[in-house]
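[1] Below is the sequence, then the predicted model.
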Amino acid sequence: MRPASFVGIALFLALGCKSKPPPEEEGKKLTAGVVQREIKKGMSGAEVIEALGSPNIVTGDENGNEVWTYERYARDVETKSSGYWVIFLWGTKEAAKGSTRSFTVVIHFDKEKRVERFGYHVVTM
């Protein structure tokens, strides 16, 4: 094997193994501001879906009325990396720290399938 081939293979392996970050989640952004601004008592389910997208969970309450639950999780990660060269190979060390946030919205509907009440909760861990 010629030296140029070895260099080409080493570069291909070093560059080809790096993964791309996942694409940003498409769809509606679910935040406390969006819920406060968009969701109002008396809205229909179709209007809620237009504002927030489809719920994660649909259940019923003690009266048989629908309850929609939206749940979103986010993880903020800060990484530090350092690298080094050994002949034609690149190595890295990474350290990561971060936090996890959960955001839950619960919407209660009345017998006419209109928003009766709603609430949300944010937890950071």
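    Received, thanks.

[2] in this structure, which spans are strands?
    For the chain, the strands defined by DSSP state E occupy 57-60, 66-86, 89-109, 115-124.

[3] Now that we have those strands, can you turn them into a markdown table and tack on mean neighbour count, mean pLDDT and distance to residue 35?
    Bear in mind the C-beta positions are built from the backbone N, C-alpha and C, glycine included. Shown next, in a markdown table, are the strands of the chain (neighbours: other Cβ atoms under 10 Å; pLDDT from 0 to 100; distance: least, Cβ to Cβ, whole Å):
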| stretch | mean neighbour count | mean pLDDT | distance to residue 35 |
| --- | --- | --- | --- |
| strand 57-60 | 11 | 96 | 16 |
| strand 66-86 | 12 | 78 | 9 |
| strand 89-109 | 13 | 80 | 6 |
| strand 115-124 | 13 | 94 | 5 |
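
[4] To residue 41, which of these lies closest?
    Between residue 41 and those, the tightest spacing by Cβ to Cβ is seen for strand 115-124, at 5.5 Å.

[5] Give the other helices and strands that that closest one contacts.
    Strand 115-124 is packed against helix 32-38, strand 89-109, with contacts defined by 3 or more Cβ pairs under 8 Å, 6 or more residues apart in numbering; DSSP states H and E.

[6] what's in contact with it?
    32, 35, 39-43, 48, 65, 99-110 (Cβ atoms under 8 Å, 6 or more residues apart in numbering).
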